[in-house]
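S.K.: Sequence plus the predicted model coming up.
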Amino acid sequence: MGSELMMPFSSKSSVTCRGISKTWAEGTDREHEALRDISVEIEPGEFVAFLGPSGCGKSTLLYLVAGLEPASSGEIWSFDDRVTGPSPDRSLIFQETSLFPWLTVWQNVSFGLGIRGADRQERRAVAQDALQRVGLSAAFDKRPDELSGGMRQRVAVARALAMRPKVLLMDEPFAALDVQTRQRMQDFLLDVWRDSGASILFVTHHIDEAVALADRVVVFTARPGKIKTIVPIDLPRPRNLFSPECERLRIELTQHLRDEVNRAFAEQEAFAIPA
Amino acid sequence: MLMLASSGRRGDDTALSSGGVIAPPARGRRSATWSRTLLWSQRSLWALLSIGTFAVIWELSWLAGLADPKLLPPPHIFLGDMAEQAKYFNTATRWSIGVNPADGPSPYQAVLITIGATTMRVLVGLVIASVLAVSIGVLVRYFLLFERLTLPMITLLSPVSPIAWLPVAIFLFGIGNAPAIFMVVIALFFHMVLATIAQIDGVNRNLVNVARTMGASKWQTYAQVIIPAILPGLLVTLRMNLFAAWMVVLVAESTGVGYGLGQVIMMARNTFNPSLVFFTIALIGVLGFSFDLILRLVQKRILYWVPETIGVLRGL
């Protein structure tokens, strides 16, 4: 495969996946197929939710886009570059806290700048700015273990923003938070998103979350993950989740998901109790 | 010697446990120091009670005639006449011909010199073993080629008892400090390498992935993420191995070092002096306890981010 043949498919997309498949532990007896033939294009500044039953490979796709894992086949482009490894342009935010517990909040936020070799003064300035954007200026000198779960995730978002990424990859970032905090964090995320102009790829198994946030919802099938359907949501934000439109979307997405969850369950049972 | 593979958290306070004492709410700086003092004195009291209970049981069994004072002399016998015990710590080169055993330092000085010599061997051995083992452990995970070349050999030598190394130590280093330190190093090294590797493997993948997405090189990832992340586990390993070092140094000293606590035990054995054995055991216990305490304080100070998790278990 000569790389000169692989032209960018559309240099204006922030992320382009073309025929992505991923098989873990290939060639061993633990081999399993996580993703099959995923093709999707994400526009700059677009908010896309990946919705699917657990274990369907949606997080895997995020890791592939981040460049942390190579795809088994297919290719991923981000703007004009082919994804071959991690890049500060594509920041990944995890479900669990991924703050460095031995660093203070501002040191965490400016970690990436330190990697680039920025001096302390610049790092402090950028951290200050990023923390302001997530409304946590007061936590500047605190340590991660002094913060609540929601605050920690906001620091993680600030750390990602400090790199001025073009794409934010979020792997169920609010799944560990309680319902009230989660709603506040969704509002907060929409503000940050508008503010930064980055595209967001948001993995969730929560239908309400997808309906509240996304421009498009990509629904995955059960394992191996394939794209079942893509549901566009053309509603202004903030969205009233109790409105008839949202209700309709929720029913539609629930329907799509239910089939897949049933399939996944049937498969797991068949696997657990071999005939 | 001992390895605590995956314990990233601190399995703290087993020795000085205060049995769930809750500090009064601190108001301001002064009462914070006050409550800390209170907590410490409470802990010390519990420590005394722990040792006292043990001693009382021993004394009672002596009174009841269960513990033969010639074989198991109770504390009041082996601690009763320290001056007499101290005489056996003569550090004069008594194996040499023509040396007057009365020469040399006074008995109490001799005790201090003996303790100092053994402690020095423990600490030097521990430092050399830790630095070597952590470096090798990191190199094993850093360079695949290095792992393939060294890890099988390290694993192969891990189960070898320090006793087996004793003749090697003497062949290589003769008599003196060097073989004793070599023994401590060789006894700790292999296990500490394996513990370091286990710690590295246990580092939260998310932390590593965050660094990678931020464009960190392999070197930066190790220096800024993996090393700080394994520090808590390494300190626990260090504490465990401190005890191991104290155990091994006695074996090493019991043969041809000249002086040291191991030599005293060996002499006590040869001259059938159980009192001296228990006196030396008490000394070693106090020393080991104190060094562990120091290490725990260091741990608390430099690993400020590690949460105290013991409270959860106390709630059971």
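M.R.: Looks like it arrived, so ask away. Residues are numbered from 1 along each chain as shown, chains lettered A, B, ... in the order given.

S.K.: Look at A:V40 and give its secondary structure.
M.R.: Secondary structure, DSSP: H, G, I helix; E, B strand; the rest coil: A:V40 is strand.

S.K.: same deal with A:S91?
M.R.: strand.

S.K.: For it, list the residues it contacts.
M.R.: A:159-161, A:163, A:165, A:167-169, B:213-214 (Cβ atoms under 8 Å, 6 or more residues apart in numbering or on different chains). Placement of C-beta: from N, CA and C, glycine included.

S.K.: Grab the nearest non-local neighbour of it.
M.R.: The shortest distance from A:S91 to any non-neighbouring residue, by Cβ to Cβ, 6 or more residues apart in numbering or on different chains, is to A:A160 (3.5 Å).

S.K.: Moving C-terminal from the helix or strand hosting A:F202, which element do we reach first?
M.R.: With elements taken from DSSP states H and E, the one containing A:F202 is strand A:199-204. The helix or strand immediately downstream of strand A:199-204 is helix A:207-213, counting by DSSP H and E.

S.K.: Let me see the mean pLDDT of the helix or strand following that next one.
M.R.: Downstream of helix A:207-213, the next assigned helix or strand under DSSP H and E is strand A:216-220. What strand A:216-220 shows for mean pLDDT is 93.

S.K.: Same question for stretch B:141-150.
M.R.: On average, the pLDDT along stretch B:141-150 is 95.

S.K.: same deal with stretch B:172-189?
M.R.: Over the span of stretch B:172-189, the pLDDT mean works out to 90.

S.K.: can you check stretch A:132-143 too?
M.R.: 89.

S.K.: Same question for stretch A:98-107.
M.R.: Averaging pLDDT along stretch A:98-107 gives 93.

S.K.: For that stretch, C-alpha coordinates in CSV please.
M.R.: Below are the C-alpha coordinates for stretch A:98-107, written out as CSV (Å, rounded to 0.1, in the frame of the first residue of the first chain):
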residue,chain,number,x,y,z
SER,A,98,-7.1,10.7,34.8
LEU,A,99,-5.5,13.6,36.7
PHE,A,100,-2.0,13.1,38.0
PRO,A,101,-2.5,12.9,41.7
TRP,A,102,1.0,14.2,42.5
LEU,A,103,0.5,17.4,40.6
THR,A,104,-1.6,20.4,41.6
VAL,A,105,-4.5,21.5,39.5
TRP,A,106,-2.6,24.0,37.5
GLN,A,107,0.3,21.7,37.0
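
S.K.: what does chain B put close to chain A?
M.R.: With Cβ under 8 Å from any Cβ of the partner chain as the criterion, chain B meets chain A at residues B:204, B:206-207, B:209-216, B:220, B:224-225, B:228-229, B:231, B:304-307.

S.K.: and those residues, which are buried?
M.R.: By neighbour count, with 16 or more other Cβ atoms under 10 Å in any protein chain shown, the residues of chain B next to chain A hold B:204, B:206-207, B:209-216, B:220, B:224-225, B:228-229, B:231, B:305-306 as buried.

S.K.: among those residues, which are in helices?
M.R.: Residues of these located in helices (DSSP state H): B:206-207, B:209-213, B:220, B:228-229, B:231.

S.K.: Need the per-residue pLDDT for the closest residue to A:R239 other than its chain neighbours.
M.R.: Among residues not flanking A:R239 along the chain, A:A212 sits closest, at 5.5 Å (Cβ to Cβ, 6+ apart). pLDDT recorded at A:A212 is 91.

S.K.: For burial, what's the neighbour tally of A:A212?
M.R.: 23 (other Cβ atoms under 10 Å in any protein chain shown).

S.K.: wait, it sits on A:L235?
M.R.: No. Using Cβ atoms under 8 Å, A:A212 is not in contact with A:L235, being 9.8 Å away.

S.K.: Now for B:S135, how many residues are close by?
M.R.: Number of residues near B:S135 (other Cβ under 10 Å) recorded here: 12.

S.K.: what about B:L45, distance to B:I51?
M.R.: Separation of B:L45 from B:I51 (Cβ to Cβ, to the nearest Å): 11 Å.

S.K.: rewinding a little: is it fair to say the residue nearest to A:S91 lies in a helix?
M.R.: Yes. Under three-state DSSP, A:A160 falls within a helix.

S.K.: For it, give me its contacts.
M.R.: Contacts for A:A160 (Cβ under 8 Å, 6+ apart) come out as A:91-93, A:168.

S.K.: ditto for A:A71
M.R.: Residues near A:A71 by Cβ under 8 Å, 6+ apart: A:20-22, A:35, A:64.

S.K.: before we move on, what about B:W305?
M.R.: By Cβ under 8 Å, 6+ apart, the contact set of B:W305 is A:101-102, A:143-145.

S.K.: Same check on B:A187?
M.R.: Contacts of B:A187 by Cβ under 8 Å, 6+ apart are B:1, B:129, B:162, B:165, B:244-245, B:248.

S.K.: Helices of chain A, start to end?
M.R.: Here chain A has its helices, by DSSP H, at A:58-66, A:105-109, A:111-116, A:120-133, A:149-162, A:179-196, A:207-213, A:244-272.

S.K.: between those helices, which gets nearest to B:F143?
M.R.: Between B:F143 and these, the shortest separation by Cβ to Cβ is 21.5 Å, and it involves helix A:111-116.

S.K.: chain center to the closest one, what's the gap?
M.R.: Put simply, helix A:111-116 sits 22 Å off its chain's centre (Cα atoms, centre = their mean, to the nearest Å).

S.K.: any idea of the pLDDT on residue 69?
M.R.: I went with chain A, as the question did not name one. At A:E69, pLDDT is 90.

S.K.: Not quite, go with chain B.
M.R.: Looking at B:P69, its pLDDT stands at 85.

S.K.: Kindly report the same for A:L168.
M.R.: Residue-level pLDDT assigned to A:L168 equals 92.

S.K.: what bridges to it?
M.R.: Taking DSSP bridges as the rule, A:L168 bridges to A:S91, A:I200.

S.K.: so how far is chain B from it?
M.R.: Here A:L168 is placed at a distance of 11 Å from chain B (Cβ to the nearest Cβ, to the nearest Å).
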